[in-house]
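Here is my input; please provide its structure:
(chains A, B, C, D and E, ligands or ions: 5)
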Amino acid sequence: MMKTLSQRLLGPVTLVLLALTFWLGLWITPPDKVQGNLVRLVYVHPAVAWVALYVSFGTATIASALYLWKRTRSMVMDRIAHCAMEVSVVFIVLTLITGSIWGRPTWGVWWAWDARLTTTAILGVLALGYLALRRANDDPALRARRSAVFAILSAINVPIIHFSVQWWKTLHQGATVFTSNRTLLIHGSMAWTLLISFIAFTMLFFWLLRARYRLEVARELHGHATLDEALAQRRSEGAF
Amino acid sequence: MSGDAHVVRLSDAVVLSGGFPLLSGVDLELAPGTLSVVTGANGAGKTSLLRLLAGLVPLTTGSGTVAGVDLVEGDLRQLRRRVGWLGHEGSFYGDLSVRENLVFCARALARPLGEIDDVVHSVGLDHRIDTTTRQLSAGQRRRLGLAWLLLRRPELWLLDEPYASLDDAGRTFFDGLLGDVVAGGATVVVSAHDPLRSSALHPRTFTLAGGRIVDVA
Amino acid sequence: MSGDAHVVRLSDAVVLSGGFPLLSGVDLELAPGTLSVVTGANGAGKTSLLRLLAGLVPLTTGSGTVAGVDLVEGDLRQLRRRVGWLGHEGSFYGDLSVRENLVFCARALARPLGEIDDVVHSVGLDHRIDTTTRQLSAGQRRRLGLAWLLLRRPELWLLDEPYASLDDAGRTFFDGLLGDVVAGGATVVVSAHDPLRSSALHPRTFTLAGGRIVDVA
Amino acid sequence: MIRTAMLVCAKDLRIELRSRVLLWQVVPFGVMALLLSGLALGPAHAGNSSAGPGLFYLVSLFVALLMINRSQGIESTPGTKASIATLGLDPAGIFLGKSLALAIELWVTGIVLLGGAVLVLHTALHGALLALPSILVTLAAMAAAGTLYGALTAGGDGAATLLPVLTLPAFAPLLIAGERSFSAALHGGSLWEWWVIVLVALVAYLAVGILLYGVLEES
Amino acid sequence: MIRTAMLVCAKDLRIELRSRVLLWQVVPFGVMALLLSGLALGPAHAGNSSAGPGLFYLVSLFVALLMINRSQGIESTPGTKASIATLGLDPAGIFLGKSLALAIELWVTGIVLLGGAVLVLHTALHGALLALPSILVTLAAMAAAGTLYGALTAGGDGAATLLPVLTLPAFAPLLIAGERSFSAALHGGSLWEWWVIVLVALVAYLAVGILLYGVLEES
Ligand code: HEM
Ligand SMILES: Nc1ncnc2c1ncn2[C@@H]1O[C@H](COP(=O)(O)OP(=O)(O)OP(=O)(O)O)[C@@H](O)[C@H]1O
Ligand SMILES: Nc1ncnc2c1ncn2[C@@H]1O[C@H](COP(=O)(O)OP(=O)(O)OP(=O)(O)O)[C@@H](O)[C@H]1O
Ligand SMILES: [Mg+2]
Ligand SMILES: [Mg+2]
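Ligands and ions are numbered 1, 2, ... in the order given. All right, here's what the predicted structure looks like:
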């Protein structure tokens, strides 16, 4: 299999950027006046949440929409949607975990009846529901169509999560990193580290997605190999 | 109907279900206005073949056209609208009576409701017309299935073991019906374990084994 | 088994369901070790009669004894334990495989598990032994029903249209089985629309109509 | 489309009337569940009228799940599926018809439950009446969403349990908006804001259903 | 009786493992329902930890209804019923086996839900662990009662909707006693009092089931 340079570099660069994020985040940037060292979670949690909501769930949604649109319908889109959704589950869980870890010291509880928290958890259940729906259908074409519709219906939740902090006056941080007029409220080394963290986790997503996609293709190729066997065996049932 | 000379044309049709090949490569051509019998051992793939022709399962590989609809590219809903299906169990809406089920069918197809009484009479269900279909006996349910098809008058009839659980009178009626339908220009595919009873019908017989056609007579 | 000379003895048996008489007064006596065929038009009451004999529906009026159990006073569970039933649809636990279903049956009856392989082989389901029963074809499901009965070896066999959806090999096997079973002293009641295939068996034929026996041959 | 919708809706309602499941089973279940929810939360919470809208919608939700399941169950006995599929009915019409029938059934239950809430949970009658339009719209949106999700899970493995998993999150925004608008009616907040959200959701579900219902049916 | 019970229980659990409905559908449903119940009541009530036991049991109740329905569904496909009936299994054994399998399934879900309640509803971990024995007993009692009522409604018209109507009132005392004992564990009341009530209910349901299950089966 030919690999382009960018494909070759995806893994190493991701690792380097992640390492850089952690190094900058843990040793170089200063602790916060109020939060102390806890503030360092700002280099993980928002980036992870961003990947979970927009990058991975978004990829799954767009791929699903492309599958449903007749002119771009192909199993490739279905596979991308499926793999992106699986990666999304991982990132949603990470969002919940990092958020809870952050919430315990700042709010005093692991969980609060906060609109953003609840809607994020609901998104997680939706992603699991997507996977359950796939399991429940055998026929590949039907499965692809049904899960694509479900993914698109579920995506409505993403903007709800985003705006939840405005719609419901809640505990969760409002838009701090990027305010609505797109200026950074955080400055200096923190801003740079934050930016690198977003890039690093986004690249991590694409790396995971590619790995997962390849596994899926390999699985299907394996499936084709056994198809011939299965056909031969089925045909032999008639020959007494 | 399409301009094609064949109502059914399958080439190397494979149907997978959960990785198992229900059909393992079927080639089949059927001309309009013919009667065909599909036979073969239990599990050979008769029901699966009929379901494929009815557009109830998708083709996995291979190609095919049924009633002018391409099985790979075409709209299977268009196909289903053209076929009549009589399955192992023809239960319809179990909570509705015989008449209510047929009224639903007639309305859906924009057929006159007046036909219903005739149809029910011809399959011999007059005395059960207001019975909930769940309470019908096995053979009566099969007869209701026939009544439904009579209302539909499709161009391709797919009948899965139609004789099973019909009594003698029912079978005779059914043989007569087959003759009429074929004479009327429709195509009929029947799956059966016995040879057809009436020798006046001259069907082609396809024998299935292991998901393929192994013999044509 | 009871000391009574008859395995089945019904007198003026009436079975109501939702106010409708499924059976409208049946008199019947069957000796042990005999084969009987119940026939009649669709909806005549064949299935209902077999269900009554199996203890699956209660007697409304009249009296009867089956396999030594009084249908009015007796314990119908005792009766069910003695009969083997093969119905229109013999689906068992659809989520379990052929083997798992039979293991359940064998365990329930305290039969050795070793018999299972033989039984599966004799009904020709070897190559489907690990298939989920929901995925079996109609005839294979019927064969699984037979396998289940072979494990059970009941004293009274009640078979509702056993030929339906069996292929030729299956029917031949079934005929052989019927002979063995009757020769072994068990009583068999079969409902069917065709005369039995094997002339070596000499059944009595009861014709039902309108929920009653109208002819004995 | 409309003709098909009417036909399907009439058929579903007739089956419902025939089996009387709504009258004898679903409505008593709802009333029962309302009482129990009150009990489970203890008098401190339930007697407090502010819990009324929440409990009302929670119970409506479970009632809706039961009804959706039934509405799909009608279509998916093995024999029915094949014969109805070969009628080639317009899928958008099927969707609308089944949604309408479901909505009518939910409205009936909803009105009874509302009465229950007034009697049992001390919800103010005046507020309840004010909230009625928003409740009807919310229930209709649930019906449309439920029909859509019902078709998504139909015929699959364990459809009866998969359905609630998928529908529950979809119902969450409806539930919240419905509850807020009910609360607003009780305590004099702005009625319109939430009402509009539910209305938008209803229209969105209807649009998606009309466009995509055909895609969901077994190919 | 015990042999039959083991056989039936193993069969039910195997079907459950085969279809993975518990893992993929019931547990997510429960978690979802917990979240939603919290939402429906609004932060004021739900954030308040005293609602924890009530919500926990409310959700367990709905989960139990789903599972009971499924547990009966296994037995009541047309073919299954007749063939299994002619095995003549000891009804007391069937009852015990099905109850046990259901109880095990409810325990699994219950423990997950308890974890959810601790995380999400701020139920104190210490109290939750103290309450665990009483929860397990309550869920077992629900399983026994559910199996009994499941048999009552089996095969009837619209069994899936009739079941909740009948079970709900039967579950009410269990629900109340369970909730009180859970609350007691949290707030340091007397643990034993309610615990004993639930235990008595469990024993009573088991006794009734063993004696009467045979009567309930279609005669
Ligand atoms: C379980 C608890 C939590 C969950 C589920 C959660 C979820 C999320 C989500 C989904 C986002 C992305 C929103 C978007 O970009 O539209 C986000 C962003 C963010 N979260 Fe959290 N969070 C949690 C706890 C916390 C805590 C405790 C803090 C800090 C005290 C925090 C601070 C932030 C910040 C600063 C952002 C970036 C905000 C922005 O730029 O828009 N989160 N969180
Ligand atoms: N997942 C699976 N694994 C193994 N075998 C399967 C699977 N799904 C279906 N089958 C087999 O596929 C075949 C389907 O055959 P089909 O129902 O078309 O047979 P048929 O010719 O109609 O038989 P009958 O005469 O019994 O009605 C059966 O042999 C069945 O056992
Ligand atoms: N509630 C009812 N109202 C009217 N008729 C009913 C009712 N319940 C059952 N029936 C009728 O009772 C009869 C039952 O017959 P049964 O199933 O025993 O027939 P069968 O002889 O087995 O027929 P088949 O050959 O079709 O299997 C049928 O005619 C059915 O229509
Ligand atoms: Mg078949
Ligand atoms: Mg019959």
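
can you list the residues of chain B near chain A?
B:14, B:16-21, B:24-25, B:40-41, B:43-44, B:57-58, B:208-212, B:214 (Cβ under 8 Å from any Cβ of the partner chain). Every residue, glycine included, has its C-beta placed from N, CA and C.

which of these are buried?
B:14, B:16, B:21, B:24-25, B:40-41, B:43-44, B:57-58, B:208-212 (16 or more other Cβ atoms under 10 Å in any protein chain shown).

Which members of the residues you listed additionally contact ligand 4?
Residues of those in contact with ligand 4 (Cβ under 5 Å from the ion): none.

out of those residues, which are inside strands?
Of those, the ones assigned to strands by DSSP state E are B:14, B:16, B:21, B:24-25, B:40, B:208-209, B:212.

Just the pLDDT for the residue sitting nearest the centre point of chain B.
For chain B, B:Leu158 is the residue whose C-alpha lies nearest the centre (Cα atoms, centre = their mean; 1.8 Å). According to the prediction, B:Leu158 has pLDDT 93.

strand partners of the one helix or strand it maps to, parallel vs antiparallel please.
Element membership for B:Leu158 (DSSP states H and E) is strand B:156-160. Applying DSSP bridges, strand B:156-160 is found paired with strand B:83-86 (parallel), strand B:187-191 (parallel).

quick one: is the helix or strand that that strand is followed by near chain C?
Downstream of strand B:156-160, the next assigned helix or strand under DSSP H and E is helix B:168-183. Yes. Interface with chain C: helix B:168-183 contributes B:168-171 (Cβ under 8 Å from any Cβ).

looking at those residues, which has the most residues close by?
Neighbour counts for the residues of helix B:168-183 next to chain C (other Cβ atoms under 10 Å in any protein chain shown) peak at B:Gly170, which has 22 neighbours.

pLDDT score assigned to that one?
Looking at B:Gly170, its pLDDT is 90.

For it, give me its contacts.
B:123-124, B:139, B:142-143, C:42 (Cβ atoms under 8 Å, 6 or more residues apart in numbering or on different chains).

7 Å instead?
The contact partners of B:Gly170, by Cβ atoms under 7 Å, 6 or more residues apart in numbering or on different chains, come to B:139, B:143, C:42.

between the residues of helix B:168-183 next to chain C, which is closest to D:Trp194?
Distance to D:Trp194, by Cβ to Cβ, is smallest for B:Gly170 among those, at 60.7 Å.

gap between that closest one and ligand 4?
Distance of B:Gly170 to ligand 4, given as Cβ to the ion, to the nearest Å: 19 Å.

same check, this time on D:Ala143
38 Å.

Tell me the spacing between that residue and chain E.
Distance of D:Ala143 to chain E, computed by Cβ to the nearest Cβ, to the nearest Å: 17 Å.

mind checking the SS state of A:Glu229?
helix (DSSP: H, G, I helix; E, B strand; the rest coil).

Which pLDDT value belongs to it?
86.

Alpha carbons only: can I get the lowest-mean-pLDDT helix or strand in chain B in PDB?
In chain B, no helix or strand scores lower on mean pLDDT, DSSP states H and E than helix B:76-82, which sits at a mean of 85. What follows is helix B:76-82, C-alpha atoms only, in PDB (Å, rounded to 0.1, in the frame of the first residue of the first chain):
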ATOM      1  CA  LEU B  76     -37.300  -2.000  -4.800                       C
ATOM      2  CA  ARG B  77     -40.500  -0.300  -3.600                       C
ATOM      3  CA  GLN B  78     -41.600   0.000  -7.300                       C
ATOM      4  CA  LEU B  79     -40.900  -3.700  -7.600                       C
ATOM      5  CA  ARG B  80     -42.800  -4.700  -4.500                       C
ATOM      6  CA  ARG B  81     -45.800  -2.800  -5.800                       C
ATOM      7  CA  ARG B  82     -45.900  -5.100  -8.900                       C
END
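
For that helix, buried residues please.
Those would be B:76-77, B:79-82, for helix B:76-82 by 16+ other Cβ under 10 Å.

same check, this time on stretch D:194-209
Buried, per 16+ other Cβ under 10 Å, within stretch D:194-209: D:194-195, D:197-199, D:201-202, D:205-206, D:208-209.

what's the answer for stretch D:92-106, then?
D:92-106.

tell me which parts of chain A are close to chain C?
A:Glu237 (Cβ under 7 Å from any Cβ of the partner chain).

Now do the same contact list for the closest residue to B:Val8 other than its chain neighbours.
Distances taken as Cβ to Cβ, 6 or more residues apart in numbering or on different chains place B:Leu30 nearest to B:Val8, at 4.0 Å, with adjacent residues excluded. When contacts are counted by Cβ under 7 Å, 6+ apart, B:Leu30 touches B:6-8, B:36, B:187.

pLDDT averaged over the helix or strand harbouring A:Glu86 - what is it?
Under the criterion of DSSP H and E, A:Glu86 resides in helix A:75-107. In this model, helix A:75-107 has a mean pLDDT of 90.

Is the very next helix or strand once past it in proximity to chain B?
Using DSSP H and E, the next helix or strand after helix A:75-107 towards the C-terminus is helix A:115-136. No. Counting by Cβ under 7 Å from any Cβ, chain B is not contacted by helix A:115-136; separation bottoms out at 12.0 Å.
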